[in-house]
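Engineer: how would this look folded up:
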Amino acid sequence: MGILRHGYANVAFAMPGGETSGIRHSRPIDLAHLSIQTMGDRDLEREVLGMFVDQAQSVRRQLSMADLKERLFLAHTLKGSARGVGAFPIADCAAEMEERPTDKLVARRLEKLIDEACDFIASIDR
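Structural biologist: All right, here's what the predicted structure looks like:
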């Protein structure tokens, strides 16, 4: 069953979820984008999302103790990874952190977005 012949019917993790996610009009992860990136391979999607969760949680832990240079590096690498998996809200917030690396509101929003995305990923992997 190919993605192009059958639409997005085989997009991995079609189940919405997230215990800590607030009410939003979109999911923390664009599953259609992820499916395109992985050519509909559900095992690869799970693997990629698992690596993203590990990285996002690591960045979240490190941000509060990071100096300016490290904070910029963490934000930049997270931005790229987030765009790759379709975590566009995280990517946008990480880009904002690159512009304002000492802004505590941006950091708190990024932490919340990471928590929501990780919770969403956990819920679709049940």
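Engineer: wouldn't Asp125 be in contact with Leu49 here?
Structural biologist: Yes - proximity of Asp125 to Leu49 meets the contact threshold set by Cβ atoms under 8 Å, at 7.3 Å. Where you see a C-beta, it was placed from the backbone N, CA and C, and this is true even at glycine.
Engineer: out of those two, which sits in the busier spot?
Structural biologist: Leu49 (26 against 15; other Cβ atoms under 10 Å).
Engineer: show me what contacts that one?
Structural biologist: Leu49 sits next to Phe13, Ile29, Leu34, Val85, Ile121, Asp125 when contact means Cβ atoms under 8 Å, 6 or more residues apart in numbering.
Engineer: what do you get for Ala107?
Structural biologist: Ala107 neighbours (Cβ under 8 Å, 6+ apart): Leu63, Ser64, Met97.
Engineer: where does the prediction get shaky in the chain?
Structural biologist: 1-25, 126 (pLDDT under 70).
Engineer: which stretches of it form helices?
Structural biologist: 31-37, 42-63, 68-85, 88-99, 104-124 (DSSP state H).
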